[in-house]
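1. Here is the input, now give the coordinates:
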Amino acid sequence: MKASLTRPGLSVIVTFNALIGVWTIPATAQDSGALSDETPGTFVAPSAQQVPSDWIATLTSGVITRDGDTAQPYVVAGLSRKIGRGYLRAAVTGFRSVVRQVDAVLPSTYAIASLGAGGTFGSWFVDGYVSGGRQRYGGVTTPLGTRASQIGQGSGVYGAALNGGRFVALSPRLYLTPSASLQFSTNRALRSSLTSLGPVDYETSERAWTGSATVRVDRYFGGANQHLAGLSVSRVQTTNGATLLAAGAMGGTTTTSVADGWFVLGSSASVRVAPRLWIDGSATRTITTRSGNFAVLSLGVRLGFGP
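-> Numbering: from 1, shown residues only. As a prediction, this is how the structure comes out:
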């Protein structure tokens, strides 16, 4: 087998998490209870617009695409609970990868649950999460059609992340928010090769440490600052953006992780349509990604309830 660069399932998870923000950034320096929860890249407006809510439920759906591939849908459902200056949150994310590989393996379907906590302390915020889920293999294509994997239906997906930053008030309606994050992800990727004995399926272990630095600017609108629009730019660096496969000893396969780095450009908006109801939208695009650039479009709703 010749050396070839593939896009493993892990790189999809890393990019997906970086794009939709599986970790939550608290809303503003003015109100630690205003939680954006699992909504992709959005913040909520300052305390001037808030009706106190101990609970916030979110539901977000959208599409994620890689250049040259078909768009795939995703959905995120989350629930957060305010506790003093902090919060606890839980979420479930489902999506189908848009991975391209030189072998005949089809994209996988992912279901990932996360538990997180965070808080705002003055103008500083911190957030972290742990996640776990299942990757269901999509099968293997052959000249005779698609067949099931020879080595099972799927594998586990695990991760954790820590994120922190600071809110800087440029004016009563304009905020600058620098932040940084560190994430670890691990799973296994299905591979398939043609040998003298026929097709052989196998798995490769995929792990990555991923760091990012983000600067975003948010502008609030409305008589009570009840709406906002924001722009962001991030630099992401990972130890495993793709995997290099090559023939090894005794007919086996060796794998080498290939580091990658890219920029993420994002825009988002949040509109309050009722005292405890917001509609959020975002558009995000990566550039300079070695394993293929991504774009994400999303639309979601947040509902606050409780005293």
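2. Would you mind measuring from residue 305 to residue 69?
-> Taking CB to CB, to the nearest Å as the measure, residue 305 falls 39 Å from residue 69. Any C-beta I mention is one placed from the backbone N, CA and C, and that applies to glycine too.
3. ok, these two, which is more surrounded?
-> Neighbours were counted for residue 305 and for residue 69 using other CB atoms under 10 Å; residue 69 has more, 16 against 11.
4. Let me know the pLDDT of that one.
-> As summarised for this prediction, residue 69 has a pLDDT of 73.
5. does it sit in a helix, a strand or a coil?
-> Secondary structure, DSSP: H, G, I helix; E, B strand; the rest coil: residue 69 is coil.
6. What of residue 271?
-> strand.
7. How many residues are close by it?
-> For residue 271, the neighbour count with other CB under 10 Å is 16.
8. can you check residue 163 too?
-> Residue 163, neighbours per other CB under 10 Å, totals 23.
9. Can you give me every residue that contacts it?
-> Residue 163 makes contact with 23, 25, 118, 126, 127, 128, 179, 180, 181, 182, according to CB atoms under 8 Å, 6 or more residues apart in numbering.
10. and residue 307, how far is that from residue 84?
-> Applying CB to CB, the value for residue 307 to residue 84 is 14 Å.
11. cool, residue 116 as well?
-> 16 Å.
12. So if I had to pick from the two, which one is more boxed in?
-> Using other CB under 10 Å as the criterion, residue 116 and residue 84 rank with residue 116 on top: 24 against 8.
13. what sits opposite the nearest residue in space to the more buried one that is not next to it in sequence in the beta ladder?
-> Take residue 116 and drop its neighbours on the chain: the residue closest to it by CB to CB, 6 or more residues apart in numbering is residue 129, 3.3 Å away. Here residue 129 sits in beta bridges with residue 116, residue 161, as judged by DSSP bridges.
14. immediately after the lowest-mean-pLDDT helix or strand in the chain, which helix or strand?
-> Least confident helix or strand of the chain, by mean pLDDT, DSSP states H and E, is strand 31-35 with a mean of 36. Moving toward the C-terminus from strand 31-35, the next helix or strand (DSSP states H and E) is strand 55-66.
15. which of the contacts of residue 163 lies closest to residue 224?
-> Taking CB to CB as the measure, residue 25 is the one of the contacts of residue 163 closest to residue 224, at 21.8 Å.
16. Could I get the pLDDT score of that closest one?
-> Model confidence at residue 25, given as pLDDT, is 39.
17. All further residue positions should be reported with the first residue as 10.
-> I'll keep to 10 as the first residue from here, and by that count the last item is residue 34.
18. what about the helices in this structure?
-> Ranges of helices within the chain are 18-29, based on DSSP state H.
19. for it, what's the longest strand?
-> strand 207-230 (DSSP state E).
20. What strands flank it, and is each parallel or antiparallel?
-> Sheet pairing for strand 207-230, assigned by DSSP bridges, gives strand 183-204 (antiparallel), strand 236-256 (antiparallel).
21. So what pairs up with residue 278 in the strands?
-> Going by DSSP bridges, residue 278 forms beta bridges with residue 238, residue 290.
22. close enough to count as contact, it and residue 239?
-> Yes - if you go by CB atoms under 8 Å, residue 278 and residue 239 touch, sitting 7.4 Å apart.
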